[in-house]
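S.K.: fold the following for me, if possible:
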Amino acid sequence: MKFTVVRPLLLSATVCAAFVSSAFAQLPKLDTQPGKWSYSTRTEIPGMGSIPMSFDQCVTQKDVDEGRNLSAQKDAGMDCKYSNVKVSGNRYQFTATCKMKDVPEPMVMNYDMTATPTSMDSKMTMTGGTAAAMGGKMNMSMTAKRLGNC
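M.R.: The predicted structure is shown next:
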């Protein structure tokens, strides 16, 4: 039975990882370079511990231009609104409130991230959505670095 609980949370973690970069379709774009990127995430789930996940992704110039370094939130069936947007140099802070298909309660995600042309580092805290179903909040950290050309 644990799988039925973990699966939606992993989906949320994956969506959140995808969301980190795609959020900038409506926010200031990150000044990152196209190429092959390596992403590592660590998701802390109340009562379940830490779940790591890593993957590589080829990011095109079009992805960068559209603020889509990962899959866009619309590809995951998300509808997000942004607030508390603060940009200082290469540091981005904002709150995203997202509704997702088949999840009755919206997810509220608070982000704090930095980005350079060849790296990203972010921290996110999520309440609502599947995190609320687990009785707490979910924390995720992500680092990404450009490895070279695709």
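
S.K.: in this structure, which spans are strands?
M.R.: Secondary structure of the chain (DSSP state E): strands at 35-45, 49-59, 78-88, 91-100, 103-116, 119-128, 138-148.

S.K.: columns distance to residue 66 on top of those strands, output as CSV?
M.R.: Heads up, the C-betas are built off the backbone N, CA and C, glycines and all. Listed next are those as CSV, based on distance: least, CB to CB, whole Å:
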stretch, distance to residue 66
strand 35-45, 15
strand 49-59, 11
strand 78-88, 15
strand 91-100, 17
strand 103-116, 16
strand 119-128, 16
strand 138-148, 17
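
S.K.: CSV for these, including mean pLDDT and distance to residue 29?
M.R.: What follows is the strands of the chain, written out as CSV (pLDDT from 0 to 100; distance: least, CB to CB, whole Å):
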stretch, mean pLDDT, distance to residue 29
strand 35-45, 91, 15
strand 49-59, 89, 13
strand 78-88, 85, 11
strand 91-100, 87, 10
strand 103-116, 88, 10
strand 119-128, 91, 12
strand 138-148, 93, 15
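
S.K.: mind giving me TSV with those strands and columns for mean neighbour count and distance to residue 65?
M.R.: TSV is the format used below for those (neighbours: other CB atoms under 10 Å; distance: least, CB to CB, whole Å):
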stretch	mean neighbour count	distance to residue 65
strand 35-45	18	14
strand 49-59	13	11
strand 78-88	13	18
strand 91-100	18	17
strand 103-116	18	15
strand 119-128	18	17
strand 138-148	18	16
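
S.K.: what's near enough to touch residue 125?
M.R.: Each residue near residue 125 by CB atoms under 8 Å, 6 or more residues apart in numbering is listed here: 109-110, 137-140.

S.K.: got it, and residue 90?
M.R.: Contacts for residue 90 were tallied using CB under 8 Å, 6+ apart; they are 31, 114-116.

S.K.: and for residue 84?
M.R.: Counting by CB under 8 Å, 6+ apart, residue 84 has contacts 93-95, 110.

S.K.: try residue 136
M.R.: 46-47.

S.K.: find me the pLDDT at it, would you?
M.R.: With respect to pLDDT, residue 136 scores 72.

S.K.: which ones are touching residue 118?
M.R.: By CB under 8 Å, 6+ apart, the contact list for residue 118 reads 32-33, 145-146.

S.K.: make JSON lines out of those residues and add distance to residue 78.
M.R.: Formatted as JSON lines, those follow (distance: CB to CB, whole Å):
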{"residue": "32", "distance to residue 78": "21"}
{"residue": "33", "distance to residue 78": "26"}
{"residue": "145", "distance to residue 78": "25"}
{"residue": "146", "distance to residue 78": "26"}
